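Participant: Compute the structure for the input listed below.
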Amino acid sequence: MGLGAAAYTAWVLEVVLSTGLNPIETYVSELAAQDQPLGGLFRATDFTAGLLVFLGGLLALVRLVRLGRHPGPRDPASRRPWAVAGWGGVALFGAATAADAWLPLSCRPTADPQCAARETAGLVPATHQAHAVSSSLAMTGALVGIVALT
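Facilitator: Next up is the predicted model:
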């Protein structure tokens, strides 16, 4: 999980790498756009992060199932549904983040007016819409994980 979190923060490399994107006005996903020179790097770190977090969430769920058969004094049954929901959310976040890497934007709609016009007209690849869905699922999973595990 720690390695996944570290990989997920790769966007901070934008501070030292010249991406040409304004971090205040653009989406982090635009760093991984297909038309970006460092897009492959950011897609790779997103995929790695997603895969590691997904596996961590999945392993936590497997552990919960095993503990459910023999609960200990530190694992009250009243917390179990929250733990399952939380780790399920973490796994969803990881899977959706990995999917984001395979569904990159073709261009940068907030930084490129031509891209924004093509996106508004529906003339961009379907990966733009699929990326929006996978990003929404990732954020939903993260919120569920944070709330339920807290």
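Participant: Which residue ranges of this structure form helices?
Facilitator: Assignment of helices within the chain using DSSP state H yields the ranges 2-8, 39-69, 80-102, 113-120, 127-149.
Participant: Highest mean neighbour count out of these?
Facilitator: Highest mean neighbour count of the helices of the chain: helix 80-102, a mean of 20 (counted as mean count of other Cβ atoms under 10 Å). (C-beta placed from N, C-alpha, C; glycine too.)
Participant: quick one, that helix and helix 127-149 angle?
Facilitator: 160 degrees (axes from the mean of the first three to the mean of the last three Cα atoms, to 10 degrees).
Participant: What is helix 80-102 packed up against?
Facilitator: helix 39-69, helix 127-149 (3 or more Cβ pairs under 8 Å, 6 or more residues apart in numbering; DSSP states H and E).
Participant: if we can go back for a sec, can you say which of the helices of the chain is nearest to Glu25?
Facilitator: Between Glu25 and the helices of the chain, the shortest gap by Cβ to Cβ is with helix 113-120, which sits at 12.0 Å.
Participant: Just the CA coordinates for that closest one, please, in PDB.
Facilitator: Extracted in PDB, the C-alpha atoms of helix 113-120 (Å, rounded to 0.1, in the frame of the first residue of the first chain):
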ATOM      1  CA  PRO A 113      -8.400  25.200 -26.800                       C
ATOM      2  CA  GLN A 114      -8.600  23.000 -29.900                       C
ATOM      3  CA  CYS A 115      -8.800  19.900 -27.700                       C
ATOM      4  CA  ALA A 116     -11.500  21.600 -25.600                       C
ATOM      5  CA  ALA A 117     -13.500  22.400 -28.700                       C
ATOM      6  CA  ARG A 118     -13.100  18.800 -30.000                       C
ATOM      7  CA  GLU A 119     -14.200  17.400 -26.700                       C
ATOM      8  CA  THR A 120     -17.300  19.700 -26.600                       C
END
